[in-house]
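generate a structure from the sequence data that follows.
(chains A, B and C)
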Amino acid sequence: MPVHSFHKEERLKSRKIISQLFKEGKTIKSYPLRVVWTEIDPPKNKFPVQFTISVPRRSFPKAHQRNMLRRRIREAYRCNKHDLYENFSECTSQYGLMVIYIAKEIVPFRDIEKAMLKWMDIFIKNVSQ
RNA sequence: ACUGCAAACCGCUCUAUCGCGGCCGCGUUUUUGCGCGGAUGAGGAAAGUCCGGACAAUGUAGAGCGCCACACCAUUUAACGAAUGGGGUCUCGCCAUUGGCGGGAUACAGCUAGUGUCACAGAAAAUUACCGCCCCGAUUCGAUCGGGGUAAGGGUGAAAACGUGCGGUAAGAGCGCACGACUCUCCAGGGCAACCUGAGGAGUGGAUAAACCUUGUGGAUUGAAAUGCCAUGUAUAUCCUGAUUCACCACAUUGGUGAGCUGAGUUGCUCGCUCAGUUUUUUAAGUCAGGAAGGGUAGGCAGAUAGAUCGCAACAGUGAUGUCGCGACUAGAUAAAUGAUAGAGGUUCUUCGGAUAGCUUGCUAUUCGUGAAUACAGAAUCCGGCUUACAGGUUUGUAGUGAUU
RNA sequence: UGACCCAUGGUGUAAUUGGCAACACAGCAGGUUUUGGUCCUGUCGUUCUAGGUUCGAGUCCUAGUGGGUCAA
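Numbers count the residues shown, from 1 in each chain, chains lettered A, B, ... in the order given. This next block holds a predicted model:
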């Protein structure tokens, strides 16, 4: 039975790591999402991945639209993250991830879920190399 | 019954699975934590940030000027530029005849304090004389020229020097009179007041204050990124500018007082006020004050969610609202919770199809299936208003149309 | 969360105290030229929107829309 919970420790909150992400992070594109990732050294806690979401204000000026997209992305991550965790269960390092929504219009949940699975596969391959 | 307008109110529901925030309880654990259970978790505008407060910091020695806001009256309120009631003005409709009733709008103090502006047109846009009219003088047939008076007439304009009539005059003129219009003022009556009604007196002054301004009233400034505390970390380093004077008292060191100087504070300015420094010495260093550039941290707690709170009833009031009684009330995040998926239902509309009823025979009503729509929008210190956005629905008032009586 | 500023042809800017909306470049059409360029002529506007004050509004007032700046 995979764990579907999503706790505070799994969220990326540190400003330092986020600014480090944009300086030296690597990107994976999977429309309508773009993922920026890097290795966190030293690890903050036991979870292998810290995760955060960004929806640009320029594309969606209304707050409730940004809230809705943020909730859909978070829900898609929460339901599918167990694959990611299984691959990293023996790994000691920790990774920081930021998912940025790049589409100009609101996309339904199923399309976001497909894109989520796609970049996860690419991410796992990149890290194992 | 339908449609329009105005006001007030409501603003989708349920089930299953997987989750999120803070709270409570239990279990486990050295603690952090983890697990289980429970109840709870987004608005009428949470929005815009247009006003007003609460709260906090700074200042507290104030005064003047400046700046900002408001502007018919009364009431309500913690306060307001908000609300309620009333008055004036403008406008529309009806009755109806110079008034009454009803609806709507209203930044509604003062151009009779001063200054400014009023394009084009027009003689003239505010102490005005171009034409015209009248008087006098010169030349003189007519007529022309010069001086003066006048505001009755003159095609303009947004606006033309109170309007009409009579008198008066050389010609005219509110120059005088009658009626009327408007302004100011005084008296009487009504009203808390704005104001209304009646009578008298003085006057005739173009518009513009959302032009400068005047008068009256009010306003200290800055905003939760305020502010207080804890933790972590660092650089008593560097550079620039300024000050380090005099007199008196007690005196072993040294301290105190006063003046001056310097600096800081004192809302934008000025006056005034307050505070700090003024030590040693060869003159650099040092010290103090202000500034520049730089280094570090960027975590937590409080502020911060029970209050000018909400609902119902009674009483007071035309009403906004107030008093009192009873009852109700855990959103509190901080890279920012309140969600996702699936299904069922509700409401509205109607493309389409079927059934039933009515008759005007292709429309109306009801119902079933199907399809579409289900808005505007996300708390961030908290309240009272205003403004703006909004699928659909309910109630009340009002106007119109149709039917019946 | 709070404070402040701006909006005029397609673009960049003017418009004095409220009185005929102007200039340059670009675009389009025509002319000149064998053709092109240069040059000449013409054309292109809801002054962000709505309401108000005024005889009259780009300008003044109110409300909104859009864009931008500052404060840790």
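
top helix in chain A by residue count?
helix A:63-87 (DSSP state H).

show me what counts as buried in that one.
For helix A:63-87, burial by neighbour count (16 or more other Cβ atoms under 10 Å) applies to A:66, A:69, A:72, A:73, A:74, A:76, A:77, A:81, A:84, A:87. No exception for glycine: its C-beta is placed from N, CA and C like everyone else's.

for it, packing partners?
The contact analysis (3 or more Cβ pairs under 8 Å, 6 or more residues apart in numbering; DSSP states H and E) places helix A:63-87 against strand A:49-54, strand A:94-101, helix A:109-128.

and the contacts of it?
Helix A:63-87 is contacted by residues A:2-6, A:33, A:48-49, A:51, A:53, A:55, A:57, A:60, A:99, A:101, A:106-107, A:109, A:112-113, A:116-117, A:120, A:123-124, A:128 when judged by Cβ atoms under 8 Å, 6 or more residues apart in numbering.

mark which of those are buried, thanks.
Looks like these have A:33, A:48-49, A:51, A:53, A:55, A:60, A:99, A:101, A:107, A:112-113, A:116, A:120, A:123 buried, using 16+ other Cβ under 10 Å.
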